[in-house]
Each structure stands twice: as structure tokens, then as C-alpha cells.
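Asker: Test case, fold it:
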Amino acid sequence: MNILFFTNEYAHPNLPAAGGVGSFFKIMATQLVKEGHSIKIYGFSKKKHHFFDGQIEVEFFKQYNKKFPLAELGRSLSSKLNNQKLEYYWLKKERKYLAKKLKQFALKHHIDIIQSFTFNGFTAYWDNSIPLVTRYHGSRGFWNHFLGHTGNELKIQLEKKALQQTSYTVANSHFSKSFIKKYYDVEVKKVIHNGINTEVFKPIKQQEKIPQSIFYFGTLSDAKGVDRLAKIFNKVHEKFSEASLHIIGKNENYFNNLKTEVINKNGKSSVNYYGHISLLDLPKHIAKAALVIVPSKGETFGFTIVEAMALEKVTIVSNIPVAKEIITHQEDGFIANTDEDFINHISEVFQNPEAFSQMENKAREKVIKNFSQELMVNNSFKYYEEILAEKK
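Answerer: Model (predicted):
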């Protein structure tokens, strides 16, 4: 099968740092090439790129605002003047340009199926001449609705149009499917959960745990609940003087402010910041944790939850909608409704850590059964086959 992934990011050292979308396409491409399929990564970036990642051909053209600076000036001015009609004109023009470039490339290379993503609605004007699967990893609409962001209404409109444009949208969780229906009024038929590498994220038995240690890894922000985590730790430290907090992730300025403004005086020396740690090095650090906390205000899936569970860590998650889709409360993790719930569950683990070995084992078993990369890739490819069979 000739498969094209249309994207503005891809996980490779020759390209700018990639987020979840770039990592997803890297995983998919690498596995599908091994299975004998032809994979092309095509999209747009600040600069042109053309190289081979093994057998995977990667080509990026210069993004619209770099190639057409006057058009970007027009869009920027219309935004500053709050002329939404004119700003939408420029955004629409960009997306039509992307659709044209994508079609030319896909036809030239005899592509059978294309996969892209929802964020920003870049595929809003695709003509469906070749089947297009759009995967919902997240969206500006989600940011606005759950994380308190404002603005971006025009791009949210384009996200809705992109979702409407193809009947082949994949949600990364049942919660995402429900959100898309409620927020965008678009019905999504297919749910394929995100998957992680359970060989990278596997327990390191020889690594000793730091007693009474709380670990957090991920983005440092209020939206991820890190401010809430700091307040919870203040109360935990009052009960357990040996308790320590370990924070891994980008945004050192945020951490410094947190330590200065939020962490109590007595607890400051027990808070450790590691900065950003690469994915491959992350497990050996998390292996030291007595438990992991995920205090986020909202996630479309929740990679950190699954990664912590795969490492056989007691994982305590805020009661966000997707949590129940991943964790069975008190069986393979905990879901906390309030700060007091967090403190109580932490206290349980600190007071009797050996009692939770079965919970830790069940957590990993669940990830292997439901949230592995192999399952994600296999289910995605089966969906491609269904679509192409339907088209014949």
C-alpha cells in the first residue's frame, strides 16, 4: 500500500523538535515500512527539507507564511484590526494552497490513502479525490473549552470544516469522540487509542525507589495542574516530613516561580527539578518513583498516565473525562476528585507501599492489552484496508 502522512512535524533530528503528532507519524511510518508498505512523509515547515529516514521519504515544502510573506502580513494586519472576514479569507487561501500541494504530490506518487490531523484545520479544503483519514490528537477547540484558552475562533471554524470534509476521522479516545460530537457537531465512527512503546516503558526492577517520592513528568503549566500539584505537596509534606517532589519537563521559568511563590518554606529543599529528559531516558528516572501524579485539567488521551502505568507505578490522576477510559479506580490506579483525595491516596501508598504491588502489575497488564504501539498501528492499518475496500 502507498501511504502518505501529511503533517507539519515529524520526529527526526534533521527537523525542528516534534510533539505528539510528529512522534505518532514516526511510529506509524517506521512500523508500516517494516511490513513492506511504501511510506511518504509530506508537509510544510519553515524551511524546505528532502531526505530519507531509512526507507521513509520525507519532503517538506516552505510553509505558506514564509513563501508568501505579503499574504501573511495581510492576515496579521486583518487580525490586529479585528477584521475577521478578511482574516478568514487569508486563512482559507492558505488551506486551499495546502490542498493543492497535497493533491499534486499524492497524484504524482500514486498514493492510495492519506492520513493527517485535525489541529488548525489544515485539510479543510481537501477534495477527497484520494481517501483522507484525519486523526484527532487535540485541537484549538479543546484548548479553549477545557484549558481556558481564548481566541482562535476562525481556526476552530476551520477545524470543524476539516472534520466535516472527510468521513474518515479517527478519535484517539472515546472521550475525544464524544467531545467532537458535542463541540463540533461531527459524528466520528472510529476510535483508535494512542499507543506507547511498552519495551521502552517497562519496569526496571533493579532500580530502587526513593521512599515517599512523588513524581510528575510532562509540560509544566497551570493547564497541566502543576500549580495544584505544588499545593498538594505542601500538605503532604506537613504529614510526611521525608516526602519529596520530583518534576520533569520543559519550562524552567514556570518551575522557578512555583518554587518561589507556591511551595512552602519547609518543603523547598525537598523539591527537585530535572528539566527536559528524552523519552528513552525517562523510564530510568520514573523507575525511582514511589508514585506518579497526573493532575491535569484536561487531556484528549493522556500519554503520561499510560507511560507511568506501563512502568508499574501507582498512578493518581485527576478526575478528567478520559481518566475512567484508562484507569479502573482502586484496581490499576486511582482517580482523584479533590485535593483531599490526592492526599489520601498518596498517604495510603506512603504508609504501606508493599500493598500496591498487585495494582502496579495490573496497570502494566492493562497497557499491554489496550494501549500498545503495535495495537495502534495494526488497528490504523486495518482501517485503511476497510476504507479502500469500501472505495472499490
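
Asker: For burial, what's the neighbour tally of Lys268?
Answerer: Close neighbours of Lys268, defined as other CB atoms under 10 Å, add up to 11. C-beta coordinates here come from the backbone N, C-alpha and C atoms, glycine included.

Asker: Tell me who's in contact with the nearest residue to it once chain neighbours are set aside.
Answerer: With CB to CB, 6 or more residues apart in numbering as the criterion, Lys268 has its nearest non-adjacent residue at 6.1 Å, and that residue is Lys259. Residues counted as contacts of Lys259 (CB atoms under 8 Å, 6 or more residues apart in numbering) are 268, 271, 273.

Asker: now, which of those sits nearest Arg75?
Answerer: Tyr273 (38.5 Å; CB to CB).

Asker: Is the closest one bridged to anything, and to what?
Answerer: With DSSP bridges as the criterion, Tyr273 is bridged to Ile247.

Asker: any idea how far it is from Ser318?
Answerer: 21 Å (CB to CB, to the nearest Å).

Asker: can you check Thr166 too?
Answerer: Computed as CB to CB, the Thr166 to Ser318 distance reads 33 Å.

Asker: for Val58, same thing?
Answerer: For Val58, the distance to Ser318 equals 38 Å [CB to CB].

Asker: likewise Gly302?
Answerer: 10 Å.

Asker: intersection of neighbour lists for the two?
Answerer: With CB under 8 Å, 6+ apart, Gly302 and Ser318 have common neighbours 294, 296.

Asker: More neighbours: those two, which one.
Answerer: A count of neighbours by other CB under 10 Å puts Gly302 above the other of Gly302 and Ser318, at 27 against 23.

Asker: In terms of pLDDT, where does that one sit?
Answerer: Note on Gly302: pLDDT of 86.

Asker: dump the residue contacts of it.
Answerer: Counting by CB under 8 Å, 6+ apart, Gly302 has contacts 294, 296, 317, 320, 322-323, 326.

Asker: Max pairwise distance over those residues: which two?
Answerer: Greatest spacing in these, by CB to CB: Ser296 and Ile326 (12.1 Å).

Asker: who touches both of the two?
Answerer: 302, 317.

Asker: need the helices for the stretch 201-350 of the chain, in chain order.
Answerer: 226-239, 252-261, 282-286, 303-310, 323-326, 339-351 (DSSP state H, counting those that start in this stretch).

Asker: For those, could you give me CSV that also reports distance to Gln373?
Answerer: Below are the helices of the stretch 201-350 of the chain laid out as CSV (distance: least, CB to CB, whole Å):
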stretch, distance to Gln373
helix 226-239, 27
helix 252-261, 30
helix 282-286, 15
helix 303-310, 11
helix 323-326, 16
helix 339-351, 29
